[in-house]
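Engineer: Sharing a model that was predicted from the sequence below.
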Amino acid sequence: MKSAKKLAILVLALGLVVWSASMVQGAQYLTVNGQDVTSITLELGQSRTVEIRSTDGMSYVGYAGFDNGVILGNFSHMETKPEAGNLATAIGYNQPAFYGYYVSATGISPPPSAGVHFVFQYDVLQPGETDLKLYDSTFTSVIDSIHITVIPLQPIAMRTAFTYQGRLMDANASADGLYDLKFKLYDNADPVFAAQQGSTIDINDLDVIDGYFTVELDFGSDVFDGDSRWLDIGVRPCDSNDPNAFVTLSPRQELTPVPYALQTRGIFVDNAGNVGVGTTKPSTKLEVAGAVKAESFVGDGTQLAGVQREHSGAIYRWTVFSTYGQSGGWYANNDQAMFGGVRPSVWSDGNGMAFQMSSDKEVLRTLFTRKGYGGKNAVVAADEWYSYSSTNCKHGAALFRIRNTTKSAINWPVSVYMTCYPGWGERASIALNGVDVWNSGGSNRLAFTPPVSVNLLIPPSRTSTAIFVAGSSPTSQTRSLYLAFTNNRLELPAGLEYVDDLDTATGGWDE
């Protein structure tokens with residue numbers, strides 16, 4: 001029993017001991033469903049009975065309810081027990097700062113006695129936390145309290161058992177009495193070549209009435225993978241212990257789907273709750289075999305890995321960057337990690353080229369922050385700008401991730417416009433997986449110079465990285481930057497496909 005407060009006043013008169021019923025405070029406390037607790041947690045919609053109990057036969061007055069009207073549901077008086085005395089009452093006491101009941105345990109025939117005095121019903125309707133309190137007669141001291149936490153209704157996992165009903169005939173008459181049944185599941189109706197699926201289920205002493213019986217069978221969910229299943233039933237009298245006494249019913253019964261359940265074909269849920277679409281062996285909470293098409297995703301997509309936008313043309317990453325501030329010097333203090341693994345001074349004055357870039361995907365995605373969608377052709381950069389000195393330069397670059405889905409290398413012919421001015425240490429270049437495929441050498445290239453045509457041999461059974469970098473055209477203070485793919489060469493040969501995975505890709509040039 002929780003701690004209770006007890007007050008007794010003795011009045012002496014003419015040598016007699018008299019109990020003043022109007023001033024006696026008994027020992028009371030609260031229980032929930034008959035249990036002596038200090039806190040309870042309930043789900044929405046649940047109900048509990050709350051009792052006021054006393055450990056003695058003293059009369060008392062008290063208040064049971066909630067401060068400030070925080071009830072989270074309904075609190076109602078159900079019953080006043082005889083143990084509270086024949087004059088006991090429970091009256092609603094609703095004030096702005098309190099909602100509940102005034103209770104008085106008193107009486108003469110019979111007087112109060114130990115036990116349950118008052119019973120209340122508590123129904124929860126909204127989540128939250130509150131305290132049910134029992135105050136003394138002065139409404140200043142809390143005799144007892146129960147902390148109540150109400151949580152949303154919790155989902156209950158669907159069971160894998162199903163109900164099977166049948167009719168059993170014994171010697172051409174409806175069976176009646178107790179029988180033992182044995183159930184097995186097979187992948188075929190053929191009794192010779194069929195393979196059993198799952199375990200055997202034994203149900204003993206089943207009461208069969210007028211031939212009819214109903215059983216609950218649970219073979220688990222893994223056995224139902226979309227293929228047909230047949231139920232094999234063995235029967236014997238319940239008074240037999242001979243395992244060979246089972247008679248197998250013929251033919252086996254095919255388990256057929258409910259018509260509307262046909263729309264779940266292709267969806268599989270294993271015993272661990274993993275969901276497979278197009279696969280019966282999901283290894284994660286959701287695994288889809290094949291492409292997924294979605295109109296949109298809710299959220300910013302930062303937690304989505306490997307999601308590729310449906311696009312019939314080229315998908316690439318690109319950037320345009322300068323290297324030198326006329327009044328401040330090299331950008332980022334000449335930090336190569338901010339410019340693809342090549343220092344700004346090398347890009348502008350040191351003939352920096354694509355094959356020199358870092359294989360670290362984190363360094364690459366630091367520079368290639370823009371995403372482009374092309375068709376058979378694409379203009380990545382077409383810009384004209386004013387040059388203050390030979391140190392300053394503007395570059396344009398494009399990065400493609402190309403997957404070869406075959407086991408043979410495939411040639412990708414590329415045709416691309418690329419400007420540059422090697423006289424100031426600025427080159428145009430093409431690299432595949434960190435290897436220099438082409439660079440402008442000492443030749444100048446203008447925006448109208450014919451495009452570069454090269455063949456990129458894409459290795460088999462992997463994803464490769466192709467990078468194209470253009471500088472700016474020869475100077476006349478106003479310089480041009482042009483990087484564009486032409487001649488329909490962004491239409492990939494069969495067996496190659498664009499992959500948009502730079503956000504999540506790891507490893508070096510071999511991945």
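Structural biologist: Arrived safely.

Engineer: Return the residues in contact with Leu206.
Structural biologist: For Leu206, the contacting residues are Leu178, Tyr179, Asp180, Leu181, Phe213, Val215, Cys238, by C-beta atoms under 8 Å, 6 or more residues apart in numbering. C-beta coordinates here come from the backbone N, C-alpha and C atoms, glycine included.

Engineer: my hunch is that the second one is in a strand, does that hold up?
Structural biologist: Yes: using DSSP: H, G, I helix; E, B strand; the rest coil, the secondary structure at Tyr179 is a strand.

Engineer: starting at the chain centroid, how far to stretch 395-409?
Structural biologist: 34 Å (C-alpha atoms, centre = their mean, to the nearest Å).

Engineer: Out of the contacts of Leu206, who's the most crowded?
Structural biologist: Leu181 (23 neighbours; other C-beta atoms under 10 Å).

Engineer: hang on, it packs against Asp232?
Structural biologist: No: between Leu181 and Asp232 there is no contact under C-beta atoms under 8 Å: 11.0 Å.

Engineer: which ones are touching the closest residue to Ser199 other than its chain neighbours?
Structural biologist: Once flanking residues are discounted, Ser199 sits nearest to Phe219: 7.1 Å by C-beta to C-beta, 6 or more residues apart in numbering. Residues in contact with Phe219 (C-beta under 8 Å, 6+ apart) are Thr160, Leu185, Gln197, Gly198, Ser199, Ile201.

Engineer: Put together JSON lines for the residues you listed, with distance to Ser408 on each row.
Structural biologist: Shown next, in JSON lines, are the contacts of Phe219 (distance: C-beta to C-beta, whole Å):
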{"residue": "Thr160", "distance to Ser408": "47"}
{"residue": "Leu185", "distance to Ser408": "46"}
{"residue": "Gln197", "distance to Ser408": "42"}
{"residue": "Gly198", "distance to Ser408": "44"}
{"residue": "Ser199", "distance to Ser408": "48"}
{"residue": "Ile201", "distance to Ser408": "53"}
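
Engineer: got the residue ranges for the strands in the stretch 251-400 of the chain?
Structural biologist: Along the stretch 251-400 of the chain, counting by DSSP state E, counting those that start in this stretch, strands occupy 253-254, 267-269, 275-277, 286-288, 315-322, 324-325, 329-330, 370-373, 378-386, 394-404.

Engineer: quick revisit: any idea which of the contacts of Leu206 is closest to Thr256?
Structural biologist: The nearest member of the contacts of Leu206 to Thr256, counting by C-beta to C-beta, is Val215 at 17.5 Å.

Engineer: For that closest one, give me the pLDDT.
Structural biologist: On the pLDDT scale, Val215 is placed at 94.

Engineer: I figured Pro451 hits Thr486, correct?
Structural biologist: Yes: using C-beta under 8 Å, Pro451 is in contact with Thr486, at 5.4 Å.

Engineer: Quick check: neighbours shared by the two?
Structural biologist: Joint contacts of Pro451 and Thr486 (C-beta under 8 Å, 6+ apart) are Ser415, Val416, Tyr417.

Engineer: nearest to Tyr386, of those?
Structural biologist: Tyr417 (21.5 Å).

Engineer: That closest one is in what secondary structure piece?
Structural biologist: strand 410-418 (DSSP states H and E).

Engineer: State the next helix or strand along the chain beyond that strand.
Structural biologist: Using DSSP H and E, the first helix or strand after strand 410-418 is strand 429-432.

Engineer: Can I get that next one in PDB? Just the C-alpha atoms.
Structural biologist: Taking Å, rounded to 0.1, in the frame of the first residue of the first chain, the C-alpha atoms of strand 429-432 are listed here in PDB:
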ATOM      1  CA  SER A 429      41.900  18.100 -72.600                       C
ATOM      2  CA  ILE A 430      40.000  14.900 -72.300                       C
ATOM      3  CA  ALA A 431      40.600  12.100 -69.800                       C
ATOM      4  CA  LEU A 432      39.000   8.600 -69.300                       C
END
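
Engineer: thinking again about what came up before, columns mean neighbour count and mean pLDDT on top of the strands of the stretch 251-400 of the chain, output as TSV?
Structural biologist: Converted to TSV, those look like this (neighbours: other C-beta atoms under 10 Å; pLDDT from 0 to 100):
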stretch	mean neighbour count	mean pLDDT
strand 253-254	12	92
strand 267-269	16	81
strand 275-277	16	86
strand 286-288	13	87
strand 315-322	19	96
strand 324-325	17	90
strand 329-330	15	92
strand 370-373	14	94
strand 378-386	16	94
strand 394-404	23	96
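
Engineer: got these as TSV, with distance to Ile458 columns?
Structural biologist: Compiled in TSV, these are given as follows (distance: least, C-beta to C-beta, whole Å):
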stretch	distance to Ile458
strand 253-254	51
strand 267-269	36
strand 275-277	31
strand 286-288	27
strand 315-322	15
strand 324-325	35
strand 329-330	35
strand 370-373	20
strand 378-386	18
strand 394-404	5
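
Engineer: what lines up beside the strand holding Tyr417 in the sheet?
Structural biologist: Counting by DSSP bridges, the strands paired with strand 410-418 are strand 452-458 (antiparallel), strand 478-485 (antiparallel).

Engineer: okay, those strands in a markdown table with distance to Gly341 next?
Structural biologist: Below are the strands paired with strand 410-418 laid out as a markdown table (distance: least, C-beta to C-beta, whole Å):
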| stretch | distance to Gly341 |
| --- | --- |
| strand 452-458 | 21 |
| strand 478-485 | 19 |
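
Engineer: Could you single out the most deeply buried of these?
Structural biologist: strand 478-485 (a mean of 21; mean count of other C-beta atoms under 10 Å).

Engineer: Need the residues that contact the following helix or strand past that one.
Structural biologist: Next in sequence after strand 478-485, counting helices and strands by DSSP H and E, comes strand 496-498. With C-beta under 8 Å, 6+ apart as the test, strand 496-498 has contacts from 311, 314-316, 400-405, 410, 412, 458, 492.

Engineer: Looking at the contacts of Leu206, spot the one nearest Ala294.
Structural biologist: Distances from Ala294 to the contacts of Leu206, taken by C-beta to C-beta, are shortest for Val215, at 42.8 Å.

Engineer: in which helix or strand would I find the closest one?
Structural biologist: Assigned by DSSP H and E, Val215 falls in strand 212-217.
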